[in-house]
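> task: produce atomic coordinates for the following.
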Amino acid sequence: MNGPIDTNSWQYRQINARAPGLSYLANALIDLVEEGYPVVAGTADLQYSNGLVRFAQRFPERFTQFGISEQNMVSAAAGMASTGAMPFVATFASFLALLCCEQIRTDVAYSALPVRLIGHHAGISLGFYGTSHHATEDLAIMRSIADLTVVAPADGPQLAAAVKASVNHAQPIYFRIGRGQDPVVYEDGVDFQFGKAIVHGEGSDLTIIACGSMVHPSREAYRALRAAGKSVGLIDMHTIKPLDTKAVLSAAAHSRFVL
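Reported below is the predicted structural model:
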């Protein structure tokens, strides 16, 4: 097949049935372009895995398919940003954080360019593909790079909100997301502020602090414990860097335990 999968094809429907959360990424980028922002997007042969095929079909002149050349993609994104564009580039988190670490550090962060890096299928969500495709070190690597903001949205609506909020964020950003199958935690249009945690509740016995795909199961535990009579709090620490230290210190001051 030479061209993109047709939106009416069974393959396209199957992709979106299996990973509905990924549609939020492309839809948010499409909204930004229609609002007049100089958004461009690219991927390394994974437009069907990250949902950017939607963006590519809507704005083909703003989309670049880099092929299996992730390092080149990051450097090219830095070049685009230096000309005034607002690039969003996406690939598997394992490839982006590990393989492209030097390009992210030197070409993007050291140069303080507003590149948005989307690391999807993070953690062990790629399952049987094995260690080469698992991203268990990416948060440690990305948060060690100076001037790089690191965000782990809990679901599709929060990802869309973070993407849209990024237009007013001067620093480069690493977005860590799953494979589009996370249960929904937030409604569309959820408020998002970089570096400002979302406090779902406070408790004197325990405060659970979670990010990314762990927010939903943490919320389930939070609700179950409160129903059992425990005084439990929950914080969605979506921004890993800069960390909302005030929220952490407040939880430590009011709870016997912090998880």
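
> select the longest strand from the protein.
strand 86-92 (DSSP state E).

> so Leu225 sits against Gly201, correct?
No. Using C-beta atoms under 8 Å, Leu225 makes no contact with Gly201, being 10.5 Å away. The C-beta positions use only the backbone N, C-alpha and C, and glycine is treated the same way.

> overlap in contacts, those two.
Shared contacts of Leu225 and Gly201 (C-beta atoms under 8 Å, 6 or more residues apart in numbering): Val232.

> correct me, but Ser255 touches Ser204?
Yes. Between Ser255 and Ser204 there is a contact at 6.1 Å, judged by C-beta under 8 Å.

> between those two, tell me which one has more neighbours.
Counted by other C-beta atoms under 10 Å, Ser255 and Ser204 do not tie: Ser255 has more neighbours, with 19 against 13.

> how about the strands in the chain?
Per DSSP E, the chain has strands spanning 39-43, 63-65, 86-92, 116-120, 149-151, 173-176, 198-201, 206-210, 232-236, 239-241, 257-258. These are given in chain order.

> now those as a markdown table including distance to Ala160, mean neighbour count and mean pLDDT?
Formatted as a markdown table, these follow (distance: least, C-beta to C-beta, whole Å; neighbours: other C-beta atoms under 10 Å; pLDDT from 0 to 100):
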| stretch | distance to Ala160 | mean neighbour count | mean pLDDT |
| --- | --- | --- | --- |
| strand 39-43 | 13 | 24 | 95 |
| strand 63-65 | 18 | 18 | 93 |
| strand 86-92 | 12 | 26 | 95 |
| strand 116-120 | 12 | 27 | 94 |
| strand 149-151 | 12 | 25 | 97 |
| strand 173-176 | 11 | 26 | 96 |
| strand 198-201 | 15 | 17 | 96 |
| strand 206-210 | 20 | 22 | 97 |
| strand 232-236 | 15 | 25 | 97 |
| strand 239-241 | 16 | 21 | 96 |
| strand 257-258 | 29 | 14 | 97 |
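
> could you dump these to JSON lines with distance to Gly127?
Below are these laid out as JSON lines (distance: least, C-beta to C-beta, whole Å):
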{"stretch": "strand 39-43", "distance to Gly127": "21"}
{"stretch": "strand 63-65", "distance to Gly127": "25"}
{"stretch": "strand 86-92", "distance to Gly127": "12"}
{"stretch": "strand 116-120", "distance to Gly127": "14"}
{"stretch": "strand 149-151", "distance to Gly127": "24"}
{"stretch": "strand 173-176", "distance to Gly127": "17"}
{"stretch": "strand 198-201", "distance to Gly127": "29"}
{"stretch": "strand 206-210", "distance to Gly127": "21"}
{"stretch": "strand 232-236", "distance to Gly127": "25"}
{"stretch": "strand 239-241", "distance to Gly127": "24"}
{"stretch": "strand 257-258", "distance to Gly127": "31"}
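
> OK, contacts around Gly119?
Contacts of Gly119 by C-beta under 8 Å, 6+ apart are 90-93, 96-97, 135, 138, 142, 174-177.

> what is the nearest of those residues to Ile30?
Proximity of the contacts of Gly119 to Ile30 (C-beta to C-beta) peaks at Ala90, which lies at 14.5 Å.

> isn't the closest one right up against Ala41?
Yes. The criterion here is C-beta under 8 Å, and Ala90 meets it with Ala41 at 7.5 Å.

> overlap in contacts of these two?
Between them, Ala90 and Ala41 share these contacting residues under C-beta under 8 Å, 6+ apart: Leu52.

> so where's the stretch 51-200 of the chain uncertain?
The stretch 51-200 of the chain contains residues with pLDDT under 70 at 124, 126, 129-130, 133.

> for the residue of the chain most remote from its centre, report the pLDDT, please.
Ranked by distance from the centre of the chain (C-alpha atoms, centre = their mean), the top residue is Gly229, with 34.4 Å. Per-residue confidence (pLDDT) for Gly229: 96.

> ok, Glu220 next?
If you check Glu220, the pLDDT there is 95.

> just confirm Thr149 contacts Arg176, I think it does.
No. Counting by C-beta under 8 Å, Thr149 does not reach Arg176; the two are 11.3 Å apart.
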